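**Q** Below: sequence and its predicted model.
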Amino acid sequence: MKPKELVEEWVKAFNEGNAEKISSFYHSDAINHQVANEPVIGKAAIQEMFENEFSQAEMTCIVENIFEDNDWGILEWKDPLGLRGCGFFHITEGKIKFQRGYWDKLSFLRQHQLPIPTE
């Protein structure tokens, strides 16, 4: 699967709120670094991260653009509440080896009425 196709499938699984299916797209030792948080290392930890996030808030990824550059898939997204962000997916051997995402965590927490960390 090409990087763009993999990202399209990843978005479908994300919008289903299916952490197990999402984790199937990652290498066993993958890294998911959402820059607002500490990096999450390993497929099992990534699945747990998504399970926790899906239990806290209803999230929908609306694709604005998906670009492909060699073995990278690049996602530009928005959500129904107006939040915007982007994600970079490094694909090797048909799986995500590294992912980095940029989004406004404070706005996300406020929109979903979640606790705002003090530190």
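**A** Alright, I've got the coordinates. Everything numeric here is computed off the predicted structure, so don't read it as measured data.

**Q** C-alpha from now on. contacts and neighbour counts both.
**A** Noted.

**Q** thinking Q99 is in contact with H90, fair?
**A** Yes - contact criterion Cα atoms under 8 Å: Q99 and H90 qualify, at 6.3 Å.

**Q** For I31, give me phi and psi.
**A** Backbone geometry at I31, expressed as degrees, to the nearest 10, gives phi -120, psi 130.

**Q** list the contacts for F88?
**A** For F88, the contacting residues are 72-75, 99-101, by Cα atoms under 8 Å, 6 or more residues apart in numbering.

**Q** helix/strand/coil for the nearest residue to Q111 once chain neighbours are set aside?
**A** Leaving aside its chain neighbours, Q111 sits nearest to L81 (7.4 Å; criterion: Cα to Cα, 6 or more residues apart in numbering). The three-state label given to L81 by DSSP: H, G, I helix; E, B strand; the rest coil is coil.

**Q** burial of L81, as a residue count?
**A** Neighbourhood size, L81 [other Cα atoms under 10 Å]: 12.

**Q** and G101, that's in a strand?
**A** Yes - per three-state DSSP, G101 lies within a strand segment.

**Q** does it really touch G87, like I thought?
**A** Yes - taking contacts as Cα under 8 Å, G101 lies within contact range of G87: 4.2 Å.

**Q** which residues of this protein fall in strands?
**A** Along the chain, the stretches classed as strands by DSSP state E are 26-34, 40-41, 62-69, 72-78, 84-92, 95-103.
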